[in-house]
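>>> give me a model of this one.
(2 chains)
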Amino acid sequence: MSVGFRQTQAALHTWSGLIVGWVLYAMFLAGTVSFWREEITRWAQPEIGSRQPAEVDVANAQRYLQTHAAGAAEWTIALPDARAAGVSVTFRDKATPRNATRAPIILDAHGEPVDVRATEGGDFFYRLHFDMHYMPILWGRWLAGLCAMAMLIAIVSGVITHKKIFADFFTFRPRKGQRSWLDGHNALAVLALPFHLMITYTGLVTLMTLYMPWGADGSNGSRNALFAEIIPAYTTPAVTGNATPLIDLRIALDTAGKIWNGGHVATLKITHPGDASARIVAERAAADRVSSNQVTVQLDGTTGAVIAASRAESAGVLTRGGMIGVHAGRFASLEMRWLYFLLGVAGTAMVATGLVLWTVKRRAHLPDPARAHFGFRLVERLNVAFVAGMPLAMSAFLWANRLLPHAMAERAAWEIHTMFIVWALALLHVCFVSPRRGWIIQFALAGVSLAALALGDVAFVRTDFVWIDLVMAALGTTCLAIAWGVGRHMPAMQKTRKTMVTTRPEDANA
Amino acid sequence: MRGSSPPAPPCGHGATIARIALAIAGGYVTVSLWTFLLGRLIPGDRPGAGFTATMLSFLLYAGCFVWVFGAKRLGRAVLTMTALAAVAALGIALT
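Numbering: from 1, shown residues only, chains lettered A, B, ... in the order given. Alright, predicted model coming up:
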């Protein structure tokens, strides 16, 4: 590859990275914590308590629905997976339209409804990761897709830019200003490169028919036609009027488990319970398989006999399902989940160091660093407000979860508003102080906030779910360490600035 | 990329914008046409073919950027892009 070609790729890398860098950082951070989606939700709803065996949950759910919704048109029982707790039930009257949403009722170990606080918990970070917030979902998804595409281009051009990619990986020159940032960015990028490439590409695949609908148009005529062909549709007979008792739903659990070679049920959907036309559709738990495609089986509600099952996936359908599954990591064991999380942290740090590198590199070329032009100052401030401000704001969401009154109207929405208010304050704050003070104060606040949250939780709320508090305390300590590091390191960097300009041009690569 | 100056493409800003536009818009149109054609031509079950073509499209699109930014002459890149789009369009018309 010629020098010229590699230089064009460097320009492509810098600009595709910077323009979407802040949104990418937010996506990486929200996505990384979403590997603990179930755990965060469980943390956010301490009322639910410990998890029960599936048989107990299903029996409780059936008893509750039989008592309170015997004449309903449809029951849905959502079982918690191994990482969550509390079975949730919903039911629909014959008069209620099919698409009306109802809040699920969560049952405790004795089958009594739990008065849980309204919160989106871990689901909020999960949705934030690709839907954004305060904007139509479709806009959010397009924005996420554009940023993911830019990231894919930044990765490919970044690899081309780094002629000596493995030598770069083993190069770390600490406390050398720009070179340290460059080495750090390279190490984080190369160390986890397979992960970054995988997570970016599979991220695009999750919503690919939105971004590129033409393939489905070519193969099936339309997206809807394509999905209609792969999503199993079961026929449900009309209500007969003959009252026939529903089978014990634990039998359905058992039958589905046998069909799936020991697999687990995630949801049971019962149509016309108590009627001779009753049907049960069991859906398999996502944690059972890598592929995210739905696996379902339909049973007769009065006999428990298997009527139909979702068909086997073709290679192309399985490949897409597998990519989405690898992206979301729902199949991951605890060890694997930690690996996902740590690699996600590396990705978040890669985007952050890339953003910082942009400013460090350009500061060296400024005629007067004390009075930089507007664009430079904007990038510098936005870097602080995103990289340090977002973790601070996310901790505010968790604080709101603990402190907002239980009976508050729109409680779940106000947890989210709290996060964005704190985030906006972080942006406002850094407009009035130097970036250096902004970095220190905001990271220190995030650290104190997370550590205090963990301590307060163990002291006042619960002690049966301590490990997530330990993780929170560890993340808080990391934020404090960063604040301390900036305080120690930044003056040294300013001293080296004068010498930066005279360093060999070979070192100015980024 | 061992150079001292801040990364700048060989030509001025106008040429850079033209390259960006060609990659984003020209690339999307061309890749869309090829994805449609591949969705139609890949053998086997229809959903699998549609998914396979769509999964390939993002790699093709990323490739467009690398190629358009690395191309020595912008004019030739425009011509090649147009030709690639025309071939796919012809393929769609004929199948």
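>>> domains of chain A?
Structural domains of chain A, as assigned by automatic domain parsing, span the residue ranges A:3-45+A:123-208+A:327-507, A:50-116+A:233-310.
>>> which parts of the lowest-mean-pLDDT helix or strand in chain B are buried?
The helix or strand of chain B with the lowest confidence, counting by mean pLDDT, DSSP states H and E, is helix B:13-21 at a mean of 84. Taking 16 or more other Cβ atoms under 10 Å in any protein chain shown as the neighbour-count basis, helix B:13-21 is seen to contain the buried residues B:16, B:18-20. Every residue, glycine included, has its C-beta placed from N, CA and C.
>>> what about the strands in the stretch 1-150 of chain A?
A:74-78, A:87-92, A:105-107 (DSSP state E, counting those that start in this stretch).
>>> if you compare these, which one is most tucked away?
Among the strands of the stretch 1-150 of chain A, ranked by average contacts under mean count of other Cβ atoms under 10 Å in any protein chain shown, first place goes to strand A:74-78 (a mean of 23).
>>> pairing partners for that strand, with directions?
When sheet partners are counted by DSSP bridges, strand A:74-78 sits next to strand A:87-92 (antiparallel), strand A:265-271 (antiparallel).
>>> need these in a markdown table with mean pLDDT, can you?
As requested, these are arranged in a markdown table below (pLDDT from 0 to 100):
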| stretch | mean pLDDT |
| --- | --- |
| strand A:87-92 | 92 |
| strand A:265-271 | 96 |
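>>> including distance to B:Ala53, could those strands go into JSON lines?
Conversion of the strands paired with strand A:74-78 to JSON lines gives the following (distance: least, Cβ to Cβ, whole Å):
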{"stretch": "strand A:87-92", "distance to B:Ala53": "38"}
{"stretch": "strand A:265-271", "distance to B:Ala53": "31"}
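>>> ok, longest helix in chain B?
helix B:46-70 (DSSP state H).
>>> report all helices and strands that the helix or strand just after it contacts.
Using DSSP states H and E, the helix or strand that follows helix B:46-70 towards the C-terminus is helix B:74-94. Using 3 or more Cβ pairs under 8 Å, 6 or more residues apart in numbering or on different chains; DSSP states H and E as the contact criterion, the neighbours of helix B:74-94 among helices and strands are helix B:13-21, helix B:27-41, helix B:46-70.
>>> ok so, going back, mean pLDDT lowest where, among the domains of chain A?
Per-stretch mean pLDDT for the domains of chain A is lowest at domain A:3-45+A:123-208+A:327-507 (a mean of 86).
>>> can it be found next to chain B?
Yes: Domain A:3-45+A:123-208+A:327-507 lies in contact with chain B when judged by Cβ under 8 Å from any Cβ of the partner chain; the contacting residues are A:3-12, A:14, A:16, A:149, A:152-153, A:156-157, A:160-163, A:201, A:204-205, A:208, A:361-362, A:365, A:505-506.
>>> list the contacts of residue 46.
Picked chain A for this. A:461-462, A:465 (Cβ atoms under 8 Å, 6 or more residues apart in numbering or on different chains).
>>> not quite, I wanted chain B
A:219-220, A:226, A:229.
>>> now do A:Ala189
Each residue near A:Ala189 by Cβ under 8 Å, 6+ apart is listed here: A:155, A:158, A:196, A:350, A:354.
>>> the last one touches A:Gly21, doesn't it?
Yes: between A:Gly354 and A:Gly21 there is a contact at 6.4 Å, judged by Cβ atoms under 8 Å.
>>> neighbours of A:Leu334, just the number please.
The local packing count at A:Leu334 equals 9, with neighbours defined by other Cβ atoms under 10 Å in any protein chain shown.
>>> no wait, B:Val29
Burial of B:Val29, expressed as a neighbour count using other Cβ under 10 Å, amounts to 16.
>>> quick check on the contacts of A:Pro46: which are buried?
Burial of the contacts of A:Pro46 was assessed by neighbour count (16+ other Cβ under 10 Å); the buried members are A:Phe465.
>>> now the spatially closest residue to A:Asn220 that is not a sequence neighbour: how far from A:Arg83?
Distances taken as Cβ to Cβ, 6 or more residues apart in numbering or on different chains place A:Leu226 nearest to A:Asn220, at 4.0 Å, with adjacent residues excluded. Counting by Cβ to Cβ, to the nearest Å, the gap from A:Leu226 to A:Arg83 is 32 Å.
>>> who has more neighbours out of the two?
A:Leu226 (26 against 17).
>>> and whichever helix or strand the more buried one is part of, how far out from the chain middle?
Secondary-structure element containing A:Leu226, defined by DSSP H and E: helix A:223-230. Using Cα atoms, centre = their mean, to the nearest Å, the mean C-alpha position of helix A:223-230 is found 26 Å from that of the whole chain.
>>> again, but for stretch A:401-412
What separates the centre of stretch A:401-412 from the centre of its chain is 23 Å, taken as Cα atoms, centre = their mean.
>>> which parts of it are buried?
A:401-402, A:404, A:411-412.
>>> how about stretch A:325-340?
For stretch A:325-340, using 16+ other Cβ under 10 Å, the buried residues are A:325-332, A:337, A:340.
>>> out of these, flag the one nearest to A:Thr267.
A:Arg330 (14.1 Å; Cβ to Cβ).
>>> pull the number of nearby residues for the closest residue in space to that closest one that isn't next to it in sequence.
Closest residue to A:Arg330 apart from its sequence neighbours, by Cβ to Cβ, 6+ apart: A:Ala286 at 4.1 Å. A:Ala286 has 19 neighbouring residues, counting by other Cβ under 10 Å.
>>> and the one 10 residues further on, by the same measure?
When counting by other Cβ under 10 Å, one arrives at 19 neighbours for A:Thr296.
>>> hang on, it packs against A:Pro232?
Yes: with contact taken as Cβ under 8 Å, A:Thr296 and A:Pro232 are classed as touching, separated by 5.5 Å.
>>> just to revisit the earlier point, could I get the strands of the stretch 1-150 of chain A as TSV with distance to A:Val317?
Rendered in TSV, the data for the strands of the stretch 1-150 of chain A read as follows (distance: least, Cβ to Cβ, whole Å):
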stretch	distance to A:Val317
strand A:74-78	25
strand A:87-92	29
strand A:105-107	34
